[in-house]
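K.L.:
Generate coordinates for the sequence data below:
(2 chains)
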Number of protein chains: 2
Amino acid sequence: MLVHKTEEVKNTVKSWKGLKVGLVPTMGALHEGHLSLIKKAKETCDKVVVSIFVNPIQFGPAEDYDKYPRTLDKDFELCTKEGVDLVFAPAPSEMYGEGQKLSNDTLTYVCPPFFYVNKLCGKTRTGHFDGVCTVVLKLFNIVRPDCAFFGQKDAQQVVIVKKMVKDLNVPVEIIQCPIVREESGLALSSRNKYLSEEGRKNALTLSRILNNIRACYKKGITDIEALKETAYGYLTDKHDLEYLEILDRNTLEEQEEANNDSIALIACRVENVRLIDNIYLGE
Amino acid sequence: MLVHKTEEVKNTVKSWKGLKVGLVPTMGALHEGHLSLIKKAKETCDKVVVSIFVNPIQFGPAEDYDKYPRTLDKDFELCTKEGVDLVFAPAPSEMYGEGQKLSNDTLTYVCPPFFYVNKLCGKTRTGHFDGVCTVVLKLFNIVRPDCAFFGQKDAQQVVIVKKMVKDLNVPVEIIQCPIVREESGLALSSRNKYLSEEGRKNALTLSRILNNIRACYKKGITDIEALKETAYGYLTDKHDLEYLEILDRNTLEEQEEANNDSIALIACRVENVRLIDNIYLGE
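P.N.:
Below is the predicted model:
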C-alpha cells in the first residue's frame, strides 16, 4: 500500500493494534543496502513500514537536494516484492506544512549534542543532523513503530539517532544493520549513481583504505596516527579526502589508541560525489 | 500511587491499554491553578498522571532552581485527594542520566523556533524554552498520554508547546486551561510564596494593568501603543517592569492594532520575584 498522507498512516498503523511494527526510514532510490534493512524488519516485526522522503531540511544550500535521485515507482515495486505492508511517501508540504519556511526561525527542531555533531560529516554539513533528527522523530511520531532500522553505513547518523532516543526517552528500539557492499568492496549508496565507470573504480579506494587499517590493527598496530598514515599511499589526485578518523564506535569520542571498540571512518569526494564508508576494527 | 522511576510509569500506563490517559506536567508546589488542570483532566480522561519535576535545564544559572519550592508530600496528598491515578516524581538523574552534564554539548535538545522564543520571557530567559520543550517531550514519551493540560498563565509556553506538537507530529492533544486567580485578582503562581504581605499588594498591579487594558480595548481603543501607555499610571518604584506586550494570541506575532485575537502579557519583578500574567482582550 502506497500512502502520501500522515493521517492515513496513523489510521493504518492504529488498525494493527497489538502487532509489532518496524519502520525503515529512507530517502528512496532503494538499493540492496535498504533491502537488507527491510528484510531484517520483515524477520523481526509483524508489520513493516518503509518511509520514502527526501528530507529538505537535512540538505545544505550547496548540497544535492534537487538532483538527489527520486525513483518512487521502482522503489514501491521493490517494497512490494519484499512484502512491505505500507510505503509512506509524503510531499514536503505534508511533512512541514504548506508554504512553511524551512528554518529554525519558524520550525521546531531536534538538535543533537554539539560534541556528537561537531566532527566527521557534521563538520562540513552544518545543520545536517538537526534535520535528520527532526525528520526521524517526526516519522517516529507519525508511525509509532516498535523498532526502526538504520544502516551502519551512516555511522554518525546511527550514533546520533540512538543518542536522541536515549536523551528524549523515545519509545522506539533502534536496530543497526551492517553495511552492504558490492563484490568489489564498494559500499552501496544512492549517490553511487552519480559516478562514471572510472569514478566507481576510484571509489574503491575508500573500502581499501579501511580494510587495510583494520588489517594493520589486527597485526597489532594501535597507534592511531600510524594507522591513519597507512591510507595516504592509496590516495591519488582523483581523491579529495574530507576526513579519515578512528574513534570510539559508540560515542564517536577520540581514543588514546585503537582497540576493539574502534571504528575507522572516511569521507572522500570522487568526481565531486561525496562518498562515505566505515569499518569496525574489532570485527 | 507515587512513582520515581521511568520504567514503572511505562509499565503502569501500558496496563491501562485502551483507556484515555491525561498528563498534567508540573514542577510541584501545587496550588489551585494546578488543581484546576487536574480537575479538567479528571473530567475528560479515564486515567490521570501528574508529573512533579523541577526541571534543571529550564532554569538559567542566575535563576531560582535551588530555592524553587519543593513540597512533594503535600503535593502528593493534594493529588490523591483529587483522584490522580499516578504521580511521577523523578530525580534529575532519572530524567537526564547519572552524572550527565546538562548542556547542549552532551544532550539532545528540542529547540522551538527562534521567532517564538526571541520575545517575552524567552528574551531574558535564554534557553528556557529549549529546556521546557525538551522535558515536555520526554514526559510525553515516557507517559504517552492522549492529552496534556497546560495553564494559560504561562502563555508563551503553551503557544510554544502547541507549535512543537504540530511541528514534530507529537501524538498528544494539548488542552489549555484558564488562569486561576485569587479573589484579589492575583494570578496563582508557585513563586507567590516568595512575596511578603506588602509584596502581594504590589503584585496586584499586574492584573490591574491587564484588566484596564482590556477595558480600554472594549471601549474601542485598538492602538497598541495607546493601550500599553495606560499601564504606566499603575507602576511605582516597587515595580521593575520587564515587558508589557500586546500580540496575536496564537502566534505571538506583532499586530498592526489590537483585535479579538489579541493577548496582553506582562512580566514584572516585585521584591525581586519575577511575576507574569496575561489576558485575552477578546474575552
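
K.L.:
Confirm for me that residue A:163 is in contact with residue A:116.
P.N.:
Yes: judged on C-beta atoms under 8 Å, residue A:163 makes contact with residue A:116 at a distance of 6.0 Å. For glycine as for every other residue, the C-beta is placed from the backbone atoms N, C-alpha and C.

K.L.:
avg pLDDT for stretch A:268-283?
P.N.:
For stretch A:268-283, mean pLDDT rounds to 96.

K.L.:
could I have it exported to PDB, CA atoms only?
P.N.:
Below are the C-alpha coordinates for stretch A:268-283, written out as PDB (Å, rounded to 0.1, in the frame of the first residue of the first chain):
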ATOM      1  CA  CYS A 268      36.100  11.400   0.300                       C
ATOM      2  CA  ARG A 269      34.900  13.100  -2.900                       C
ATOM      3  CA  VAL A 270      35.400  11.300  -6.200                       C
ATOM      4  CA  GLU A 271      34.300  13.100  -9.300                       C
ATOM      5  CA  ASN A 272      32.800  15.700  -6.800                       C
ATOM      6  CA  VAL A 273      30.500  13.000  -5.400                       C
ATOM      7  CA  ARG A 274      30.700  12.800  -1.700                       C
ATOM      8  CA  LEU A 275      31.200   9.200  -0.500                       C
ATOM      9  CA  ILE A 276      31.400   7.800   3.000                       C
ATOM     10  CA  ASP A 277      32.400   4.500   4.400                       C
ATOM     11  CA  ASN A 278      33.400   3.000   7.700                       C
ATOM     12  CA  ILE A 279      34.600  -0.200   9.400                       C
ATOM     13  CA  TYR A 280      34.700  -1.700  12.900                       C
ATOM     14  CA  LEU A 281      38.300  -2.600  13.800                       C
ATOM     15  CA  GLY A 282      37.300  -5.200  16.300                       C
ATOM     16  CA  GLU A 283      35.200  -7.300  13.900                       C
END
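
K.L.:
how about it: buried residues?
P.N.:
Across stretch A:268-283, burial judged by 16 or more other C-beta atoms under 10 Å in any protein chain shown covers A:268, A:270, A:273-281.

K.L.:
Please identify the longest helix in chain A, counting by residues.
P.N.:
helix A:197-218 (DSSP state H).

K.L.:
After it, which helix or strand is next? Please name it.
P.N.:
helix A:224-229 (DSSP states H and E).

K.L.:
Mind checking if the helix or strand that that next one is followed by is in reach of chain B?
P.N.:
For helix A:224-229, the succeeding helix or strand toward the C-terminus, using DSSP H and E, is strand A:239-248. No: on the criterion C-beta under 8 Å from any C-beta of the partner chain, strand A:239-248 is out of touch with chain B, staying 14.4 Å away.

K.L.:
How much space separates the closest residue to residue A:125 other than its chain neighbours from residue A:131?
P.N.:
Nearest non-adjacent residue to residue A:125, counting by C-beta to C-beta, 6 or more residues apart in numbering or on different chains: residue A:60, 5.9 Å away. Distance of residue A:60 to residue A:131, computed by C-beta to C-beta, to the nearest Å: 9 Å.

K.L.:
which one of these two has more residues nearby?
P.N.:
Set residue A:60 next to residue A:131 and count neighbours by other C-beta atoms under 10 Å in any protein chain shown: residue A:131 wins out with 19 against 13.

K.L.:
Per-residue pLDDT of that one, please?
P.N.:
98.

K.L.:
other SSEs contacting the helix or strand it falls within?
P.N.:
For residue A:131, the element it lies in under DSSP H and E is helix A:128-143. Counting contacts by 3 or more C-beta pairs under 8 Å, 6 or more residues apart in numbering or on different chains; DSSP states H and E, helix A:128-143 packs against helix A:6-14, strand A:21-26, strand A:47-52, strand A:86-88, strand A:109-111, helix A:114-117, helix A:120-124, helix A:155-167.
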